[in-house]
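Asks: fold the following, please.
(2 chains)
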Amino acid sequence: MIQLHNVSVTYQQDVCALSGVSLMIPRGDFVFLTGASGAGKSTLLKLLYAEIAPSHGQIIIDNQNVSRLTRSELPYLRRTIGIVFQDFRLLPNRTVMENVAITLEVLGIGRKEIGERVSRILKQVGLEQRMQATPCRLSGGEQQRVALARALVNEPKILLADEPTGNLDDENKALILSILAEANCRGTTIIVASHDLRLVAASNKRAVTLERGEIREVHDEPR
Amino acid sequence: MSHAKFKRRHVSGRGGVWGGVAYFFRRTLLNIRQNLVINLLAVVTITLSFLIVSLFLLVFVNLEGAGELWSEKIQVTVYFDRELNEKEFIALRNLIMTLEGTDTINYVSKGDALKRFRTRLKGQESLLDGVPPEVLPASMEIRLKQAFRTSGAVEAYVTRLKKIPTIVEVQYGEEWVRRFNTFMNFMRFAGLLLGGFIALAVLFIISNTIKITIYSRREEVELLELVGATRLFIRIPFLLEGMLQGVCGAILAILILAAVSWAFLNHAGNFLIFNPQEAGLVFIPVTFCVALVVTGILVGFIGSLTSLHRFADQS
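Replies: Coordinates of the predicted model:
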C-alpha cells in the first residue's frame, strides 16, 4: 500500500533530514517509527501526507506516485489519510464537535450524518460529555483524543500519528493505543512516530528505527 | 503500476448545490461569530475608510450642484433698437427657440428695463427723474441649456444669433463665462485627482485590513488543506466573509454620513451665518450609494482572494 523508494529530503541544500530511505508498508499494517529527536520521523510522515516533497526518490501510496499528483489532486489523497499532529492543530475558536466535524465537512457530508458520526467517534474516545467545550478548556490528554477523533472520523485508509502519546500519563497512553489498535482492526493502516521505546516494546508491533535520516533497523511484529 | 487517480468524492450529503450554498453561508456566519473581535475591527476600519470617500463625494456633489446653479447665470442678451410688436416678438422668439441650445427666453421691454434700472438704484431713484423709457433699449434674455454653458458653445451660439437681422447687439459676459468655465474645470480636475488618491488609499487600507483578518487564521487554512479540503472549499467562506465585511462597512458609512448630514442640515442654521437647508445642499445620490456598496463587495472579494493566493503560493 505504501512504498518509499530511495527517498531523500534535503533542507536548505545541505541539511539532510532523510537519506536513501526505502520502506514498504502493507495494507492494514501497524508500524512504529522510532528514533531520537531529529532522526527524521516527522519528516517521513510529512512526506506521506505530502506537506513536503522528497528531494530524491519516489513515494507510492495506493499505486499512485505522490510526487506526480497535481495540486488539485492532492486533497483527494489527503482525504484517505487521517493525521494526528504532534501539536494537535486544534482550532481554538471551534468546539470539540466542530473540530472533529471539519474532516467530514470537506467531504461534503450532510449535517445530520456529521452529527451522528462525530457523536459516535467522540463516544469512542470518551469525550461525548465535552462536545461543546473549546480546546483551551481541555487537558492535554483530552486534546490528544480530539485530534485522534478528527483523524479517525472519516474512517481513513491510513492513519499517521506524530508522537500521539507524548507528555501523556500511562492511563491516557493506554487509551490512545487501544483506540489506534481498534482502528487497525477495522482495516486502517497505522503509522505512529514515537520516541517512547517502552511504549513501542510494549505494543508488540513492527518498528522501524531511524537515525540521522536513515533506517537503522527494522523489528518485525512477533507472530 | 496503475495510473488511476485518487477517487474524487462529490458533494452529495448536503442536498446538492443549494445544500452546498447553505453550508457555505452558515460556515461564513459561524466564522464571523467565532472570530468576532477581528471581524468587528475590520468592519470599523472599512466603515471609517468609506466614510472618508463618501464625505468627499458629498462635498464634490454639492460643489458641482453649486457650480450648476451659478452656470444658470450664463445668459445671452440680445438688444433691439426699437420696441418689438407682439407679432415680431413671437416670430423672433420662435426663430431663436429653433436654435440648438436655447432653453428659455425672457423679453424685457424698454419700460421693464427702466424699471429694473430704477430698482438697482434703490435710494437714488431721483437720478432717473425725467429720463424717458426710450433711453434704454428693449432686449431678450436667453437662458442656455446646461450643455451649452461652456465658453466655446456660448460663442458658437452667439455667432448664430448675430445672423438674425433684427438683432442689433448681443452681450453674454465673455470674461465671466471664461473664468467660470476655467474654475469649474479646475475644480473637477482637482476633485478627480484628490478623489483618485483617496480612493487608492482607501482600497489599500481595506484590502490590507481583510488580509490581516485572513492571516490571523492562517492555521485554519493550513489545517483545512491537510484534511483534504479543495481550494474552492477553503476559499468560499473567506471570500463571502470579505464581501460581507465590505458591504457592512459601506452601508454603515453611508448611514453614518446620512445621519450626520441630516443633523447638520437641521441644526447648523443655529450657529452658521447661512441656513444650509435653504442653500440647496443635497445628500449623495442613490447611484453613488449603490456604487459605494458594490465597491465594498468588490474590494472585500479581491482583498480576500489576493490574501488566499499568497497563502497558496507559500504552501
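Asks: when you work out contacts or count neighbours from here on, use the C-alpha atoms and nothing else.
Replies: OK.
Asks: is the residue positioned nearest the centre of chain A in a helix, a strand, or coil?
Replies: Closest to where the C-alpha atoms of chain A average out (CA atoms, centre = their mean) is A:L160, at 1.7 Å. Assigned with DSSP: H, G, I helix; E, B strand; the rest coil, A:L160 falls in the strand class.
Asks: just checking, it touches A:V192?
Replies: Yes - the pair A:L160 / A:V192 is scored as a contact, 5.9 Å apart, by CA atoms under 8 Å.
Asks: so who does the closest residue to chain A within the stretch 101-250 of chain B touch?
Replies: Of all residues in the stretch 101-250 of chain B, B:G228 sits closest to chain A, at 3.9 Å by CA to the nearest CA. Listed by CA atoms under 8 Å, 6 or more residues apart in numbering or on different chains, the contact set of B:G228 reads A:74-79, A:103, A:106.
Asks: mind listing the strands for the chain?
Replies: By default, I'm working from chain A. A:2-11, A:15-25, A:30-34, A:56-61, A:64-65, A:81-84, A:158-162, A:189-193, A:206-211, A:214-219 (DSSP state E).
Asks: other chain: chain B
Replies: B:75-80, B:102-108, B:138-144, B:169-171.
Asks: now the ones you listed in CSV, with distance to B:W18, mean pLDDT and mean neighbour count?
Replies: Conversion of the strands of chain B to CSV gives the following (distance: least, CA to CA, whole Å; pLDDT from 0 to 100; neighbours: other CA atoms under 10 Å in any protein chain shown):
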stretch, distance to B:W18, mean pLDDT, mean neighbour count
strand B:75-80, 62, 84, 20
strand B:102-108, 56, 87, 16
strand B:138-144, 57, 86, 22
strand B:169-171, 70, 85, 14
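Asks: residue contacts, the closest residue to B:I284 other than its chain neighbours?
Replies: Nearest non-adjacent residue to B:I284, counting by CA to CA, 6 or more residues apart in numbering or on different chains: B:L58, 5.3 Å away. By CA under 8 Å, 6+ apart, the contact list for B:L58 reads B:282-284.
Asks: mind listing what's buried in the lowest-mean-pLDDT helix or strand in chain B?
Replies: Taking mean pLDDT, DSSP states H and E as the measure, helix B:110-120 is the helix or strand of chain B with the lowest mean score, a mean of 82. Buried residues in helix B:110-120, counted by 16 or more other CA atoms under 10 Å in any protein chain shown: B:110-114, B:118.
Asks: then stretch B:289-298?
Replies: B:289, B:292-298.
Asks: now it: average pLDDT?
Replies: Confidence for stretch B:289-298, expressed as mean pLDDT, is 94.
Asks: quick one: distance of it to the chain centre.
Replies: 13 Å (CA atoms, centre = their mean, to the nearest Å).
Asks: what's the answer for stretch A:77-91, then?
Replies: The answer for stretch A:77-91 is 7 Å, by CA atoms, centre = their mean.
Asks: start and end of that stretch, how far apart?
Replies: End-to-end span of stretch A:77-91 (CA to CA, to the nearest Å): 22 Å.
Asks: quick revisit: by neighbours, which of the contacts of B:L58 wins?
Replies: Greatest neighbour count in the contacts of B:L58, by other CA atoms under 10 Å in any protein chain shown, goes to B:I284: 20 neighbours.
Asks: which residues touch it?
Replies: Contacts of B:I284 (CA under 8 Å, 6+ apart): B:54, B:57-58, B:61.
Asks: for A:L199, same thing?
Replies: Here A:L199 is in contact with no residue (CA under 8 Å, 6+ apart).
Asks: and it, what's its pLDDT?
Replies: 84.
Asks: just B:A201 next, same as before
Replies: 89.
Asks: cool, and B:P133?
Replies: pLDDT, B:P133: 69.
Asks: re the thing from before, want to throw the buried residues of helix B:110-120 into JSON lines with distance to chain A?
Replies: Shown next, in JSON lines, are the buried residues of helix B:110-120 (distance: CA to the nearest CA, whole Å):
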{"residue": "B:K110", "distance to chain A": "85"}
{"residue": "B:G111", "distance to chain A": "85"}
{"residue": "B:D112", "distance to chain A": "82"}
{"residue": "B:A113", "distance to chain A": "81"}
{"residue": "B:L114", "distance to chain A": "84"}
{"residue": "B:R118", "distance to chain A": "82"}
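Asks: now, which of the contacts of B:G228 lie close to chain B?
Replies: A:74-79, A:103, A:106 (CA under 8 Å from any CA of the partner chain).
Asks: among these, which are located in helices?
Replies: A:74-78, A:103 (DSSP state H).
Asks: which one of those sits closest to chain B?
Replies: The closest of those, once distances to chain B are taken by CA to the nearest CA, is A:P75, at 3.9 Å.
Asks: for B:E220, see how far away the closest one is.
Replies: 15 Å.
Asks: give me the more crowded residue out of these two.
Replies: For A:P75 and B:E220, the more surrounded residue by other CA under 10 Å is A:P75, and the numbers stand at 25 against 17.
Asks: now do the contacts for that one.
Replies: By CA under 8 Å, 6+ apart, the neighbours of A:P75 are B:225-230.
Asks: circling back to that earlier point, in CSV: the contacts of B:G228, plus distance to B:G191 and pLDDT.
Replies: Shown next, in CSV, are the contacts of B:G228 (distance: CA to CA, whole Å; pLDDT from 0 to 100):
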residue, distance to B:G191, pLDDT
A:L74, 51, 92
A:P75, 50, 94
A:Y76, 54, 94
A:L77, 56, 94
A:R78, 54, 95
A:R79, 55, 95
A:T103, 53, 95
A:V106, 49, 93
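Asks: of those residues, which pair is most distant in space?
Replies: By the measure CA to CA, A:L74 and A:T103 form the most distant pair in the contacts of B:G228, at 14.9 Å.
Asks: counting neighbours, go ahead and name the busier of these two.
Replies: Here A:L74 and A:T103 are set side by side on neighbour count (other CA under 10 Å), and the busier one is A:T103, at 27 against 22.
Asks: so how far is A:A193 from the more buried one?
Replies: A:T103 is 22 Å from A:A193, by CA to CA.
Asks: run through the chain and note the low-pLDDT ranges.
Replies: In the absence of a named chain, chain A is used. For chain A, the stretches flagged by pLDDT under 70 are A:221-223.
Asks: hmm, I had chain B in mind actually
Replies: In chain B, residues with pLDDT under 70: B:1-15, B:133, B:269, B:273-277, B:311-315.
Asks: and for residue 36, the neighbour number?
Replies: Since you didn't name a chain, this refers to chain A. A:A36 has 15 nearby residues by other CA under 10 Å.
Asks: sorry, should have said chain B
Replies: 12.
Asks: can you check the one 4 residues further on too?
Replies: Around B:L40 sit 15 other residues, with neighbours defined as other CA under 10 Å.
Asks: re the thing from before, can you give me the angle the least confident helix or strand of chain B makes with strand B:102-108?
Replies: When axes from the mean of the first three to the mean of the last three CA atoms, to 10 degrees is applied, the directions of helix B:110-120 and strand B:102-108 differ by 90 degrees.
Asks: which helices and strands does helix B:110-120 pack with?
Replies: strand B:138-144 (3 or more CA pairs under 8 Å, 6 or more residues apart in numbering or on different chains; DSSP states H and E).
Asks: can you list the strands that the strand it packs on pairs with?
Replies: Applying DSSP bridges to the sheet, strand B:138-144 is found paired with strand B:75-80 (antiparallel), strand B:102-108 (antiparallel).
Asks: run through who's touching the longest one.
Replies: Defining contact as CA under 8 Å, 6+ apart, one finds that strand B:102-108 is touched by B:93, B:96-97, B:138-145.
Asks: which one among those residues gets closest to A:L47?
Replies: Of the contacts of strand B:102-108, the one sitting nearest to A:L47 (CA to CA) turns out to be B:K145, at 75.2 Å.
Asks: how many neighbours does the closest one have?
Replies: Count around B:K145 with other CA under 10 Å applied: 16.
Asks: got the angle between the longest helix along chain A and strand A:30-34?
Replies: In chain A, with assignment by DSSP H, the single longest helix is helix A:170-185. Angle, helix A:170-185 to strand A:30-34, by the same axes, to 10 degrees: 130 degrees.
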